[in-house]
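Engineer: no sequence for this one, just the structure:
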C-alpha cells in the first residue's frame, strides 16, 4: 500500500494512515509537509504528477450531533424489497480532536494509475500551511478557494486573494460557525 511506503519514508511526519475501500490516506503534520509532497511527486515509484483536488473539512460539530456521528451505514447491493440490515462501519479521526480543520489533497499518478489522499490537520488558532503551487500549478485556484471559504492561509502562495466571494466580504462562509443570516457589505449602487 502507498500509505505504508510514505510512513516508512517519513515516520516522524506521518500521524496515521488508513485504507478504506481501495483509497489510501496519509495524515501528516504540516511541518515538513512540503518534503512529503516533493517525495510523492518526484520519486519514480510514486510519480504523483496530478493534484486532482485540494479541499478543507471543518470538524466543529463532528460526532456532536446525530447527523455527524462517525458511523456509516453501508447500503446493500440487494434489491430494495429484501430490506437487509445495514452493516455498521466505524472510523475515527486521526490527528486528534483538538484539530478542527483538515486540508485534504487528492493526488493521482498517470504513470502508475494510483491515487493517494493526504490530510494535514490544523488547529483553529493557527490556520496556515505551506503552499504547493511550486509543485503543482493547479494548486493556485484550489488554495485560493480554500482560503476564501475556510480561512486557511497558504504560506508562499503567489497571489492569495478571494476567488469566489467579493473582496469586501467578511468571514469565511463554509465554516460551520459562520452565521447564516449575517449581513454583508453591498457592492455597487442600491436600486
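Structural biologist: In hand now; what should we look at? Note that the structure is a prediction, hence the values are computed from the model and not measured.
Engineer: does the residue nearest to the spatial centre of the chain count as helix, strand or coil?
Structural biologist: The centroid of the chain falls nearest to residue 104 when counting by C-alpha atoms, centre = their mean (1.8 Å). The three-state assignment at residue 104 reads strand, by DSSP: H, G, I helix; E, B strand; the rest coil.
Engineer: I'd say it and residue 58 touch.
Structural biologist: No. If you go by C-beta atoms under 8 Å, residue 104 and residue 58 don't touch, sitting 11.5 Å apart. C-beta coordinates here come from the backbone N, C-alpha and C atoms, glycine included.
Engineer: and residue 3, what does it touch?
Structural biologist: Shown in contact with residue 3 (C-beta atoms under 8 Å, 6 or more residues apart in numbering): 17, 18, 19, 24, 25, 26, 116.
Engineer: which intervals of this protein have sub-threshold pLDDT?
Structural biologist: 63-97, 187-191 (pLDDT under 70).
Engineer: Pretty sure residue 26 sits in a strand.
Structural biologist: Yes. Under three-state DSSP, residue 26 falls within a strand.
Engineer: Any idea what it is bridged to?
Structural biologist: residue 17, residue 118 (DSSP bridges).
Engineer: returning to what we had before: partner residues bridging the residue nearest to the centre of the chain?
Structural biologist: So, taking DSSP bridges as the rule, residue 104 has residue 55, residue 119 as bridge partners.
Engineer: what's near enough to touch it?
Structural biologist: Residue 104 touches 53, 54, 55, 56, 57, 117, 118, 119, counting by C-beta under 8 Å, 6+ apart.
Engineer: Check the secondary structure at residue 181 for me.
Structural biologist: coil.
Engineer: Next, the buried residues of stretch 43-63.
Structural biologist: 46, 47, 48, 49, 51, 54, 56, 58, 59 (16 or more other C-beta atoms under 10 Å).
Engineer: Closest one of the residues you listed to residue 30?
Structural biologist: Set against residue 30, the nearest of the buried residues of stretch 43-63 by C-beta to C-beta is residue 56 (13.1 Å).
Engineer: Pull the contacting residues for that closest one.
Structural biologist: Counting by C-beta under 8 Å, 6+ apart, residue 56 has contacts 101, 102, 103, 104, 146, 149, 150, 152, 174.
Engineer: With distance to residue 123 added, can I get these in CSV?
Structural biologist: CSV is the format used below for the contacts of residue 56 (distance: C-beta to C-beta, whole Å):
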residue, distance to residue 123
101, 8
102, 11
103, 12
104, 16
146, 16
149, 18
150, 13
152, 11
174, 18
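Engineer: Out of those, give me the one that has the most neighbours.
Structural biologist: residue 146 (26 neighbours; other C-beta atoms under 10 Å).
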